[in-house]
Structure formats: structure tokens, C-alpha cells
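[1] Quick one, what's the 3D model for this:
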Amino acid sequence: MEFFDKFCNYLSKLTTINKNYISLILSTTIVIVIFSFIKKIGRKTIRKKIEGRKEYIINQTIQILLNIGEIVFLLFIWNEYIQSLMTLISVTSAAMTIALRELILNFFCGIYIKMKKPFQVENRIEIKGILGDVMNISSLNFEVLEISTKEQHGQSTGVIVTFPNSIVFSEPIRNLNKGFKYVWDELTVKVKLDCDLVKNKQELYKIVNNVEIIKNIPKKMKAQISEINTTNRVYFNKYNPTIYTKVVNNHIELTIRYLMHPKKGRYVESILWNKILEEYKDNKIDLYVEEDN
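    From the prediction side, this is the model:
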């Protein structure tokens with residue numbers, strides 16, 4: 001402590017700045033640096049010992065506790081100056097309120113997100129045409145890992161998009177995971193107009209009902225809808241895969257409607273097409289192939 005006082009005196013003489021202000025700045029800087037170092041070490045330690053979702057939850061909890069500790073230390077250091085600071089804030093409160101309007105709004109919207117949960121970490125959401133998975137939710141903003149929308153079931157682009165929390169009140173949000181984990185998807189298969197329609201539909205039913213990633217979902221979906229119906233009215237007539245028939249020009253469109261996990265759409269579609277092509281090669285499905293003019 002004696003060394004710290006001497007060092008502050010030395011800097012005061014060197015810079016002609018009041019010793020108390022130098023002491024305040026140095027003490028604040030030291031606290032911030034120490035806590036930043038502890039946070040960094042904590043993140044590395046957790047990463048080595050814990051994996052998956054638990055890593056994120058424990059890390060967030062520890063970071064919040066360390067932030068609270070940091071604020072307590074800073075309040076202790078600034079204790080003598082807080083009264084003067086509050087007087088200054090009261091005088092300039094109107095100007096500061098206008099300047100900090102967005103920060104204040106984002107902060108309270110952050111509380112709303114935490115309490116009402118329009119989305120949570122790992123949810124797949126879409127805002128303003130940007131589709132992605134929620135990575136992090138903080139006091140002022142949230143981050144989304146962007147998903148390509150070039151195809152119906154795009155994959156991660158690696159781009160992180162940051163939204164202010166206040167956007168939840170100004171823009172509609174599509175949440176593909178809220179309530180229940182699964183969504184309906186459709187795959188259209190074109191077959192010849194003169195084909196054996198019953199046989200083709202039977203083969204397609206056989207394919208979609210035997211895909212492991214699909215066949216157990218209807219039971220899970222029923223259970224989830226039964227649970228969510230205590231607070232929301234959700235109703236489906238069918239849960240198992242269904243095939244709809246439509247005649248279009250010189251071919252028939254068979255649309256397979258099935259439940260899937262929203263993050264596995266491209267993978268499921270690939271499995272289905274691989275199996276359909278195998279059946280086509282074995283002459284079990286009469287795919288319609290458009291000829292070039």
C-alpha cells in the first residue's frame with residue numbers, strides 16, 4: 001500500500017494531476033484487469049473440464065458472479081465520489097436520458113427476453129430475413145449464428161449477426177423451436193402420369209416410415225403438443241407422414257409431408273432422395289424426368 005501511495009505521488013508530480021484522481025484511475029484499472037484475467041482463466045478451466053451445453057450454462061453463471069464482484073469492488077473504490085456523481089447525473093439527467101435511450105430500452109428488453117423467453121440460446125429463429133441459431137443473450141443484445149437461406153434447409157455460413165434486444169418489440173420473430181422441437185416439412189416427388197400410382201405411393205411411404213430420424217418423431221410430437229396445450233391451443237389432425245397427390249401438366253406430383261427437427265432438414269432430405277433414387281434404379285418408383293427441348 002505504501003508503494004502504491006508513493007507511485008501515485010510520483011505520477012501526480014510528473015503529470016500535475018491530483019493524487020486522488022490518479023489513485024482512483026489506477027485502482028479502477030487494476031480491479032478491471034484482475035477480474036478480466038480471472039474471467040479468462042475461468043473460461044479456459046471450464047472448457048477443459050466440461051463440454052456441451054453445461055459448459056455454456058456454468059460459464060455464464062460464473063461470469064455473472066464475477067461481474068457482480070467486480071461492480072462491488074468498483075463501488076467500494078468510487079464510494080467517496082458517488083454522491084458527487086449522482087448530483088451531476090441529476091443535473092444532466094434529461095440530456096443523458098435522451099442520449100442513453102437506446103441503451104436503457106435494450107437493457108429492459110433484455111430482462112423481457114430472459115423472463116418471457118420469446119427465444120432461448122440454441123433456438124433457431126428468423127428476424128428481418130436473417131435465419132440463424134441463437135448463440136448468446138446479453139443485457140443489451142443477442143448474437144445469432146447465420147444459416148444460409150439459399151436453400152430451404154441451409155447450413156451455417158459461419159457469420160455471427162448481432163441484434164439489439166429492442167428488436168423484439170419492433171420486428172416479428174419466427175422461432176422454429178418454441179413450444180416443440182419439430183416442424184413440418186415437405187418433399188415433392190414427380191412421377192409419370194401413366195404410372196401405377198398406388199405402387200409408387202406405397203414405396204414412398206415405405207421409405208419415409210423407415211427413416212430412423214423420422215419414424216419416432218410423431219410420438220414425441222404428440223407428447224409435446226399435449227404438454228403445450230395447457231397454455232396454448234395447438235391442434236394437428238395427423239402426425240405420421242402423409243403423401244398428397246396433384247396432377248401437373250404431363251406428370252403427377254406426390255408431396256410427402258413429414259415431421260423433422262428444424263436443424264436436420266438438409267440431412268433428412270438427402271437421406272430421402274438417396275433412398276428414392278435407389279428405388280428408381282430398381283424400377284420400384286417411376287420418377288418423371290423432364291426432357292430437354
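[2] Spit out the contact partners of residue 50.
    By C-beta atoms under 8 Å, 6 or more residues apart in numbering, the contact set of residue 50 is residue 58. Any C-beta I mention is one placed from the backbone N, CA and C, and that applies to glycine too.
[3] Check the gap between it and residue 65 for me.
    Residue 50 sits 16 Å away from residue 65, going by C-beta to C-beta, to the nearest Å.
[4] Kindly report the same for residue 249.
    Taken as C-beta to C-beta, the span from residue 249 to residue 65 is 65 Å.
[5] for residue 104, same thing?
    Taking C-beta to C-beta, one finds residue 104 at 24 Å from residue 65.
[6] Please identify which of the two sits among more neighbours.
    residue 104 (14 against 11; other C-beta atoms under 10 Å).
[7] now the strands for the protein?
    Along the chain, the segments classed as strands by DSSP state E run 124-127, 130-137, 141-147, 156-164, 174-175, 183-192, 242-248, 251-260.
[8] need the ones you listed in CSV with distance to residue 117 and mean pLDDT, can you?
    As requested, the strands of the chain are exported to CSV (distance: least, C-beta to C-beta, whole Å; pLDDT from 0 to 100):
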stretch, distance to residue 117, mean pLDDT
strand 124-127, 12, 90
strand 130-137, 10, 89
strand 141-147, 12, 90
strand 156-164, 16, 89
strand 174-175, 10, 88
strand 183-192, 18, 90
strand 242-248, 32, 91
strand 251-260, 23, 91
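[9] For residue 109, which of those is the nearest?
    strand 156-164 (7.8 Å; C-beta to C-beta).
[10] what helices or strands is that closest one leaning on?
    Counting contacts by 3 or more C-beta pairs under 8 Å, 6 or more residues apart in numbering; DSSP states H and E, strand 156-164 packs against helix 101-116, strand 130-137, strand 141-147.
[11] Let's have the ones you listed in TSV, adding distance to residue 60.
    Supplementary listing: the helices and strands packed on strand 156-164 in TSV, determined by distance: least, C-beta to C-beta, whole Å:
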stretch	distance to residue 60
helix 101-116	11
strand 130-137	8
strand 141-147	13
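[12] For the stretch 51-200 of the chain, give me the ranges with low pLDDT.
    51-53, 55-56, 80-100, 150-154, 179 (pLDDT under 70).
[13] ok, 80 please
    51-64, 67, 74-101, 149-156, 177-181 (pLDDT under 80).
[14] C-alpha coordinates for stretch 254-273, CSV please?
    C-alpha atoms of stretch 254-273 as CSV (Å, rounded to 0.1, in the frame of the first residue of the first chain):
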residue,chain,number,x,y,z
LEU,A,254,-46.5,-36.6,-54.9
THR,A,255,-45.8,-34.3,-51.9
ILE,A,256,-44.5,-36.1,-48.8
ARG,A,257,-45.3,-34.2,-45.6
TYR,A,258,-43.4,-35.3,-42.5
LEU,A,259,-42.2,-34.0,-39.2
MET,A,260,-38.5,-33.3,-38.6
HIS,A,261,-36.0,-31.4,-36.4
PRO,A,262,-35.5,-27.9,-38.0
LYS,A,263,-31.7,-28.2,-37.8
LYS,A,264,-31.6,-31.5,-39.6
GLY,A,265,-33.7,-30.6,-42.7
ARG,A,266,-31.0,-30.9,-45.3
TYR,A,267,-29.7,-34.2,-43.8
VAL,A,268,-33.2,-35.7,-43.8
GLU,A,269,-33.9,-34.5,-47.4
SER,A,270,-30.6,-36.1,-48.5
ILE,A,271,-31.5,-39.4,-46.9
LEU,A,272,-34.9,-39.5,-48.6
TRP,A,273,-33.6,-38.6,-52.0
